[in-house]
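# Give me a 3D structure for the following:
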Amino acid sequence: MNGTENAPIVVAGAGIAGISAAEAARARSPGTPVVLLSGEPDLPYYRLRLLELLDGAADPASLRIHPHEWYARQGIDLRLSSPVASVDPEAHRVVLATGESLPYSALVLASGSLGIVPPVEGAALPGVIPLWTLADARALRAAVPSARRAVVAGGGLLGLEGAYRLSLLGLEVTIVEMLPRLLPNQLDADGSRVFEAKVRSLGIGVRTGAPIARLDGTGRVRSATLRSGEVLDAGLVLVATGVRPNLGLLDGSGIPVGRRIAVDASMRTGATDVFAAGDAAEVDGRWDGLWTAAKAQGRVAGMNAAGGSERVAPTVDPYFLSTMDTRVVSIGALDGEGPLGSAIRRDDANHVYRKLAFRGGRLAGAVLVGDADGMARVVAAVKAAVTREEALSSGLLG
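Numbering: from 1, shown residues only. Model prediction:
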């Protein structure tokens, strides 16, 4: 332990995985100091609610996961604006960007993700705003009054919600998605078509399979040129093109990293007394990218950092989306197997699509667009892998 037996448990990252880890470590070992390090100046917040700030209906304080006094009551030493710059597993120390060196008895890496800004010409122009942090949301809100047209780069959760809210504020909005369809990881091809039709019905433009090639403007962004050659006027470009794991702090550490930090079901990395959870971690090669998964992983990592022996149980978690004046639910497999692998109900006029996917005669997944009634029953049935006969006779298709 290099003389660090009495050092604190350090949690690097204050998203939901980090907060869950800190809380679990404190519960498992009340006498051990717990230090929670955040790279941002604001109290930890719900990232998926950032766009509630756009129309002024919410204030930043309402997005906080916990108030400031909660951390003190829990005995958690929360340090803001304190990102970890490097990790030394042999010495059991982390070095902060401020230069401070902090020993640890156990370390939980919950460094999360960083927003991706495509390396295109003009990406640094004023009016080109990424959306990943509270500071980004504030900048976006300040830019809205001076724009009449907006391009949203990225058709994922934040991009779709951003496009919808900008449209409600009166901007002419076009979504540009580099992949062939919207929500390809959550919807099958037909479900995506129904969802896209709903988006278009709201007056929001959609371009798929044609990423931005260049941004132009003098003094600020004025247009986006797509790889197809089409030019879209834009006084505002919202960048929501995805994320990458925040792994720079591990450079030179020797901790095994693939696409993300490799951990087993106990959230242990390949380094002694080092655990990882959330967006930056992959459990036995699997990454979920869901809030529920990050929270569960953080709890296990925190418990084990404090001497526990917990394991993360494999689960099939649903994806929920409520935007564009509709709802989307997706869980498990998008496609079934064999001639009886799918059961579908589709109503294009009302932008409704419900699909049950079967594998081996059992319910393996479901997609709901527009009509999400009974979604809790559908999710439970997928998790229980009910038979095809049970699924259809119980009215899950609606």
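# any idea how far Val221 lies from Ala123?
To Ala123, Val221 is 9 Å away according to CB to CB, to the nearest Å. (Each C-beta comes from the backbone N, C-alpha and C, glycine too.)
# got any residues that touch both of those two?
Shared contacts of Val221 and Ala123 (CB atoms under 8 Å, 6 or more residues apart in numbering): Leu215.
# Who has more neighbours out of those two?
Neighbours per residue (other CB atoms under 10 Å) separate Val221 from Ala123, with Val221 holding more: 25 against 17.
# Per-residue pLDDT of the more buried one, please?
Per-residue confidence (pLDDT) for Val221: 96.
# do Arg47 as well
88.
# With Leu107 as the reference, measure out to it.
From Arg47 to Leu107 the distance is 23 Å (CB to CB).
# One more: Gly336?
Counting by CB to CB, the gap between Gly336 and Leu107 amounts to 43 Å.
# Compare neighbour counts for the two and give me the winner.
Leu107 (30 against 23).
# For the longest helix along the chain, name the packing helices and strands.
Longest helix of the chain, by residue count under DSSP state H: helix 291-305. In terms of contacts (3 or more CB pairs under 8 Å, 6 or more residues apart in numbering; DSSP states H and E), helix 291-305 is packed against strand 9-12, helix 16-28, strand 106-109, strand 274-276.
# Which other helices and strands does the last one contact?
Taking 3+ CB pairs under 8 Å, 6+ apart as the contact definition, the neighbouring helices and strands of strand 274-276 are strand 106-109, strand 261-263, helix 291-305.
# Which of the residues in the longest helix of the chain are classified as buried?
Under the neighbour-count criterion of 16 or more other CB atoms under 10 Å, helix 291-305 has 291, 293-305 buried.
# can you redo those as a markdown table with pLDDT and distance to Ala21?
A markdown table is the format used below for those (pLDDT from 0 to 100; distance: CB to CB, whole Å):
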| residue | pLDDT | distance to Ala21 |
| --- | --- | --- |
| Trp291 | 88 | 14 |
| Ala293 | 91 | 14 |
| Ala294 | 94 | 10 |
| Lys295 | 95 | 10 |
| Ala296 | 95 | 11 |
| Gln297 | 97 | 8 |
| Gly298 | 98 | 4 |
| Arg299 | 98 | 7 |
| Val300 | 98 | 8 |
| Ala301 | 98 | 5 |
| Gly302 | 98 | 3 |
| Met303 | 98 | 8 |
| Asn304 | 98 | 9 |
| Ala305 | 98 | 7 |
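# What is the nearest of these to Arg138?
Trp291 (22.3 Å; CB to CB).
# Not counting residues beside it along the chain, what's closest to that closest one?
Ile16 (6.0 Å; CB to CB, 6 or more residues apart in numbering).
# so how far is Val152 from the one you found?
Relative to Val152, and taking CB to CB, Ile16 is found at 25 Å.
# For these two, indicate the residue with more neighbours.
Taking neighbours as other CB under 10 Å, Ile16 and Val152 compare with Val152 leading, 31 against 25.
# Export whatever helix or strand the more buried one lives in to CSV, keeping only CA atoms.
For Val152, the host element (DSSP states H and E) is strand 149-153. This file holds the C-alpha atoms of strand 149-153, laid out as CSV (Å, rounded to 0.1, in the frame of the first residue of the first chain):
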residue,chain,number,x,y,z
ARG,A,149,-31.6,29.5,-38.3
ALA,A,150,-29.8,26.7,-36.6
VAL,A,151,-28.1,23.6,-37.7
VAL,A,152,-27.8,20.7,-35.1
ALA,A,153,-24.9,18.4,-35.8
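# for the record, mean pLDDT for it?
97.
# just checking, what packs against it?
Short answer (3+ CB pairs under 8 Å, 6+ apart): strand 149-153 packs on helix 157-168, strand 172-177, strand 231-233, strand 236-239.
# If we go by neighbour counts, what in the third one is buried?
Across strand 231-233, burial judged by 16+ other CB under 10 Å covers Leu232.
# Now do it: everything it contacts.
By CB under 8 Å, 6+ apart, strand 231-233 touches Arg149, Val151, Thr174, Val176, Arg207, Arg222, Ser223, Ala224, Thr225, Leu226.
# Leu363 touches Ala357, doesn't it?
Yes. The criterion here is CB atoms under 8 Å, and Leu363 meets it with Ala357 at 7.5 Å.
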